[in-house]
Structure formats: C-alpha cells, structure tokens
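> after the sequence you'll find the predicted model.
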Amino acid sequence: ETIDANRYFRAADERLSIDPRDADALFTAAAFLARQGKLEAAARALDRIADVNTDYPGLWRFLARLYEDMEEERLASLCLARASMTA
C-alpha cells in the first residue's frame with residue numbers, strides 16, 4: 001500500500017510541477033500528506049484547491065476532518081457548513 005501511495009504522490013507531484021493549480025493532483029497530495037500525519041501541509045494543499053474550485057468534490061468534508069484532527073473545532077464546523085452548501 002505504501003508503494004502505491006508513493007507512486008500516486010510522485011505522479012501528483014509531477015502534475016503539480018506542470019500545473020500548480022491542478023485540483024486533482026492537489027487532492028491526491030493532500031491525502032498522501034494526511035496519511036503521513038502531515039495535517040497542516042495537507043490542509044494547505046486543500047486550501048489551494050479552494051482557490052481554484054470551491055465546489056471540488058469532497059474538499060470541505062476532507063478539510064473539516066483535518067481540522068477536527070488538529071483540534072480546530074471552529075474551522076472544522078465552518079468547513080462542514082460550507083460542505084452542506086455543495087452537492
């Protein structure tokens with residue numbers, strides 16, 4: 001599983017070197033970083049997605065989860081409220 005995760009992260013990193021605003025690559029990178037325990041770095045990657053596409057599927061729920069894990073309850077609840085505004 002780790003080898004596959006690293007492969008996906010490397011592919012995402014390559015895509016981001018071509019287009020730093022690639023939302024799919026940012027989401028993949030955020031998932032990898034979160035699994036590595038790098039929650040703040042993962043949240044920063046998701047923030048970059050929000051700059052590109054505020055309606056990106058799963059963005060706000062994933063960000064809420066990260067904020068919950070970082071014990072940032074107010075930010076987590078704001079993200080959940082934003083998630084409820086998108087389908």
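Yep, that arrived. Numbering: from 1, shown residues only.

> same for the particular helix or strand that has residue 49 in it, what does it pack against?
Assigned by DSSP states H and E, residue 49 belongs to helix 39-52. Contact here means 3 or more C-beta pairs under 8 Å, 6 or more residues apart in numbering; DSSP states H and E; on that basis helix 39-52 packs against helix 23-35, helix 59-69. For every residue, glycine as well, the C-beta is placed using N, CA and C.

> so how far is residue 47 from residue 76?
14 Å (C-beta to C-beta, to the nearest Å).

> contact partners for residue 48?
20-21, 26 (C-beta atoms under 8 Å, 6 or more residues apart in numbering).

> swap that for residue 70, sorry
39-40, 43.

> now it: phi and psi?
phi -90, psi 10 (degrees, to the nearest 10).

> just to revisit the earlier point, neighbour count: residue 76 and residue 47, which is higher?
residue 76 (18 against 13; other C-beta atoms under 10 Å).

> so that one: helix, strand or coil?
helix (DSSP: H, G, I helix; E, B strand; the rest coil).

> mind listing what it touches?
With contact set as C-beta under 8 Å, 6+ apart, residue 76 has these partners: 64-65, 67-68.

> among those residues, which pair sits farthest apart?
Farthest pair in the contacts of residue 76 (C-beta to C-beta) is 65 and 67. Separation: 7.4 Å.

> more crowded one of these two?
Each of residue 65 and residue 67 has its neighbours counted (other C-beta under 10 Å); residue 67 has more, 21 against 17.

> got the contact list for the more buried one?
Residue 67 neighbours (C-beta under 8 Å, 6+ apart): 43, 73, 75-76, 79.

> could you check how far it is from residue 43?
From residue 67 to residue 43 the distance is 7 Å (C-beta to C-beta).

> with residue 74 instead?
14 Å.
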